[in-house]
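Peer 1: build me a model from this:
(chains A and B)
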Amino acid sequence: MIILTSKKQSLFLLTPFLVLILLFFIVPLFYMVVSSFSNSDGFTLNQYKAVLTNSYILQGFKNSITLSAISALLALVVTLFAVYAMMRFSDPVRERILVVTNLTSNFSGIPLAFAFIVLLGNSGLFTLLFEKWGIDAFSSFSLYSWSGLLLIYIYFQLPLSLMLLYPIYYGIQQQWKDAASLLGASTIQFWTKIGIPIMLPGIVGTFSVLFANAMGAYASAYALTGSNYNLVAIRIGALLSGDIFAQPELASAIAVLLGVTMITAMLLSEWSIKKTRRNL
Amino acid sequence: MKKRGLSDLFFLFLVLYLLFPILATALYAFATNWNNTILPEGLTFKWLASLFQDTSFIEAFGRSVLLSGGAVILAFIFVVPAIFIIVLYFPKYEKWMQTAVVMVYAFPGVILAVGLIRTYSQLGIPMILAVLGAYVISILPYIYQGTRNSLRNVNAKQLLDVAELLGASKLQAYLKVLLPAVYPGLFAGALLSFSVLFGEFVLINLVVGSRFETVQIYLMKKLSTSGHIASAVVFLYLVLMGILTISISILTKRSRGVAKT
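Peer 2: Numbering: from 1, shown residues only, chains lettered A, B, ... in the order given. Now for the predicted structure:
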């Protein structure tokens, strides 16, 4: 009985945490949803109507979705092969590679945008190099455009993708490979018929985390193009800070739609990860 | 064999792609002049030196440390005890905690910024407090992961039971037995959270702006004015992140070592 009361008492220690999450997460998000449905007269769907009929905002969604999907896909393909190559190294070497990857995963946002300016900006290292060598193929390339952003997005997707795929590869057991090869399967057959199908839910889950990661990214694109490049996150920021004039209700509606996209992506990844765990 | 070669190539590409921007930026931070040549014309320490003489940089650095460090400390006072209690005594509520973690992880700063401004900008409280509170919540995934793993690694529940069986009071069992055992894992989580917050830009920029100039906002300003100074800032940032990352990996190894012995 004494233990029970002290257990109940310990619940009080949860209060500050609950208050914090209420004040700084749940209430703001709730208020944002409310504000997306309201104007000075009360309830309205006008903001959503405005978003869905405004071709500029829709273009922003389209740009964000294609940029996120393509950067996630390319990073995923590269790391799928890279982790496969990594598995050959000894444990300590792999661990060191993961530490370096962890470091680069912190390299994002403004510092990352700057590093790419040094390499590929108007007087960047490679820009000058290609000019000197007279390689014209890259003369139309601009860091401050979609293809430039793609390079940066791929950069910050790679470490995350590697960290998510690594444990999934780890789950593929050597015994399975041995068993398959004893039964006459080639390496390629093992991967196409056994390995990849087992890993598939995990790969899908990784893809959706990467996709969500890119959809919410703001700082790199902002550092490179200010509010000029049309991405959802950039639109929200511009409507909030009022580069033209602040429209927080419209920003709320766009943020709600972006939030729905994120939740869908996260639910998909949760579901896939659960499925992978069952398989491994 | 051919397939091996292909995957090795991808691995090499990955490593070079990740390292090249870092190396180039570091080199730029020490370059005297690097506008028309492939390699810098000379090397110098003057950019770094001038950064350390710039009071607005020193102040920005101080603000970043204060804000990120403050959020981590608050998380340790208010959030870590809650995680302890849920993991140790109310495991059936753990799925709620995990839902909260996923939700926090799913909502990026740009969405939360809208909510914070809508909720607090008209109340007249300093918006920096709203950002601080949001920071405490936004590191929940890292704090939760670090705390829960440490508690699992040391079999916290049994450890507490054994300590009490051997005559320790509840408080003694916590402070003298459990805390030293989980400390490296908790500290690793704290450092990880700090490094994430130190690089945060969206919330502070949209909600507070240049009224509270952190290192990230300082860097954003220098981007358009001085490339050399900007690269010196990025170089310092990378050094700091390097130190934090290595400390985290050492601490994580140590907390796993505790589990084994």
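
Peer 1: from now on I want contacts and neighbour counts done on CA atoms only, so please keep to that.
Peer 2: Noted.

Peer 1: how many neighbours does residue A:132 have?
Peer 2: By the other C-alpha atoms under 10 Å in any protein chain shown criterion, the neighbourhood of residue A:132 contains 12 residues.

Peer 1: look at it and report its pLDDT.
Peer 2: We have a pLDDT of 78 for residue A:132.

Peer 1: with residue A:30 instead?
Peer 2: Spelled out, the predicted local distance difference test score at residue A:30 is 95.

Peer 1: just list the residues touching it, thanks.
Peer 2: Under the criterion of C-alpha atoms under 8 Å, 6 or more residues apart in numbering or on different chains, the contact list for residue A:30 reads residue B:115.

Peer 1: now the strands for chain A?
Peer 2: Secondary structure of chain A (DSSP state E): strands located at A:38-39, A:42-43.

Peer 1: tell me which of those sits most buried.
Peer 2: Mean neighbour counts were taken over the strands of chain A using mean count of other C-alpha atoms under 10 Å in any protein chain shown, and the top value, a mean of 16, falls to strand A:38-39.

Peer 1: got the residues of the stretch 151-261 of chain B near chain A?
Peer 2: B:195-196, B:199, B:201-202, B:206, B:216, B:219-220, B:223, B:230-231, B:234, B:238, B:241-242, B:245-246, B:249 (C-alpha under 8 Å from any C-alpha of the partner chain).

Peer 1: residues in contact with residue 209?
Peer 2: Let's take chain A. Contacts for residue A:209 (C-alpha under 8 Å, 6+ apart) come out as A:265, A:266, A:269.

Peer 1: hmm, I had chain B in mind actually
Peer 2: For residue B:209, the contact set (C-alpha under 8 Å, 6+ apart) comprises residue B:217.

Peer 1: quick one, phi psi at it?
Peer 2: Main-chain dihedrals, residue B:209, degrees, to the nearest 10: phi 80, psi -160.

Peer 1: tell me, what's the model's pLDDT at residue A:138?
Peer 2: The pLDDT attached to residue A:138 in the predicted structure is 68.

Peer 1: for residue A:47, same thing?
Peer 2: With respect to pLDDT, residue A:47 scores 89.

Peer 1: what's the answer for residue B:260, then?
Peer 2: For residue B:260, the model assigns a pLDDT of 52.

Peer 1: how close does residue A:11 sit to residue B:164?
Peer 2: When C-alpha to C-alpha, to the nearest Å is applied, the distance between residue A:11 and residue B:164 equals 21 Å.

Peer 1: isn't residue B:247 right up against residue B:188?
Peer 2: Yes. Judged on C-alpha atoms under 8 Å, residue B:247 makes contact with residue B:188 at a distance of 7.5 Å.

Peer 1: for the two, indicate the residue with more neighbours.
Peer 2: Shown here are residue B:247 and residue B:188; by other C-alpha under 10 Å, residue B:188 has more neighbours (26 against 16).

Peer 1: so what does the helix or strand hosting residue B:250 touch, helix or strand wise?
Peer 2: Following DSSP states H and E, one finds residue B:250 within helix B:227-260. If contacts are counted by 3 or more C-alpha pairs under 8 Å, 6 or more residues apart in numbering or on different chains; DSSP states H and E, helix B:227-260 sits against helix A:91-105, helix A:109-120, helix B:2-29, helix B:46-53, helix B:140-153, helix B:179-198, helix B:215-225.

Peer 1: let me see the contact set for the spatially closest residue to residue B:228 that is not a sequence neighbour.
Peer 2: Across the structure, with C-alpha to C-alpha, 6 or more residues apart in numbering or on different chains as the measure, the residue nearest residue B:228 apart from its sequence neighbours is residue B:29 (5.8 Å). Residues in contact with residue B:29 (C-alpha under 8 Å, 6+ apart) are B:47, B:48, B:228, B:229, B:230, B:231, B:232, B:235.

Peer 1: same check on residue B:157?
Peer 2: Under the criterion of C-alpha under 8 Å, 6+ apart, the contact partners of residue B:157 comprise residue B:88.

Peer 1: what do you get for residue B:31?
Peer 2: By C-alpha under 8 Å, 6+ apart, the contact set of residue B:31 is B:40, B:41, B:42, B:43, B:44, B:228.

Peer 1: just grab the bridge partners of it for me.
Peer 2: residue B:43 (DSSP bridges).

Peer 1: burial of residue A:169, as a residue count?
Peer 2: Other residues within reach of residue A:169, judged by other C-alpha under 10 Å, total 18.

Peer 1: same check on residue A:213?
Peer 2: The number of residues packed around residue A:213, counting by other C-alpha under 10 Å, is 23.

Peer 1: any low-confidence regions in the stretch 51-200 of chain A?
Peer 2: Residues of the stretch 51-200 of chain A that meet the criterion pLDDT under 70 lie in A:137-138.
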